[in-house]
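S.K.: Turn this into a structure:
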Amino acid sequence: MNIISLDKKMTWIDIEKPGLNDIEYLKQNFHFDSTVLSELIPDTVRTKVDTYNNFFYIVLHFPALHKEKKVIHSQELDILITKDCIVTLHKEVLVPLKAIFDKCNLYEEEKIKYMSGGPSKLLYFTLDSILNASFAELDYISANIDRVEKAIFQGMEKEMVREISTIKRNILDFRRAIKPQRQILESLNVAVNKFFDHNEEFSPFYNDLLGHHLRIWDTMENYKELTESLESTNTTLFSSKLNETIRILTIFTAIMMPISIIVGFFGMNVSVPLQNHPQGFLLVISIILLATFIIYAYFKKKKIL
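M.R.: Sure, this is the predicted structure:
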């Protein structure tokens, strides 16, 4: 648990990996509802904004890139806001959030910048920073799409099947995290102004957050459509290459079939024509070559070859 205060009028409590001791501290020092406190440790699937008499409770999910696994997953951020305090709780390090907290902790001018406007202004700065960080995940997806596109047209269709599936999974996880935020941001615009009696003073700020969300969503939709187009192109090219391979094998089998029949016929352990002929071997070879030529000429005439 880390705590920053500004002139004892505004306090920011940041809790990473909240435990029972942290919950007990909040219970003893604030009048938070016991139901809300019970939801802070377990994962909360649904995003929401719940308003109470003396505070409101926000649950948000944000997409984050797992650098080692190179996949995008969802991070949860719980926020409790009173008239003079904001409590942020998260199970993993939220880089944008940590960046703001460290600035406020190290530099007095940064603390004044972010915290002098009270919890509502700090909430805006926090959400704005986290939303802007989502563009880094979008850049990662974009770079992978460009790489896959180049590989597809370099003849690596088979290798790109799994890569495309990974990109589609990342887009799906990103969309799952970012989609519910629009409704939350719209609710916050009303809840913040009502709770702090701002009379729409902060509406432009939260409308700005909605604008960020819209740009992120539109970009993601474009990447989704582009990935689907790449998947379709890759499937077409891969199927074409597979069909060409099957065609060649079919032609080869058709040419070799009469040869196998002729060789099998003259290889039987019974009396067969030309068996005792002095030029029998050459005649058999001639028959094989003639049969091969006839099949080849037929395929050539049908423009199969």
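
S.K.: Give the rounded mean pLDDT of stretch 141-148.
M.R.: Per-region confidence: stretch 141-148 scores 87 on mean pLDDT.

S.K.: what do you get for stretch 110-118?
M.R.: Computed over stretch 110-118, the average pLDDT equals 81.

S.K.: Can you list the buried residues in it?
M.R.: Residues of stretch 110-118 classed as buried by neighbour count (16 or more other Cβ atoms under 10 Å): Lys111, Tyr114, Met115, Gly117, Gly118. Any C-beta I mention is one placed from the backbone N, CA and C, and that applies to glycine too.

S.K.: Helix, strand, or coil at the residue lying closest to the first one once chain neighbours are set aside?
M.R.: Right, Lys111. Taking Cβ to Cβ, 6 or more residues apart in numbering as the measure, Lys111 lies nearest to Cys104, with 4.3 Å between them; neighbours along the chain are not counted. Cys104 carries the three-state label helix when classified by DSSP: H, G, I helix; E, B strand; the rest coil.

S.K.: Surely Cys104 is in contact with Tyr114?
M.R.: Yes: under the criterion of Cβ atoms under 8 Å, Cys104 is in contact with Tyr114, at a separation of 5.4 Å.

S.K.: one step back: I'd like the buried residues of stretch 110-118 as TSV, with distance to Glu24 appended.
M.R.: Below are the buried residues of stretch 110-118 laid out as TSV (distance: Cβ to Cβ, whole Å):
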residue	distance to Glu24
Lys111	27
Tyr114	28
Met115	26
Gly117	30
Gly118	26
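
S.K.: List the ones among the residues you listed that fall in helices.
M.R.: When the buried residues of stretch 110-118 are checked against helices (DSSP state H), the matches are Lys111, Tyr114, Met115, Gly118.

S.K.: thinking again about what came up before, could you report the pLDDT at the residue nearest to Lys111?
M.R.: At Cys104, the predicted lDDT confidence score is 83.
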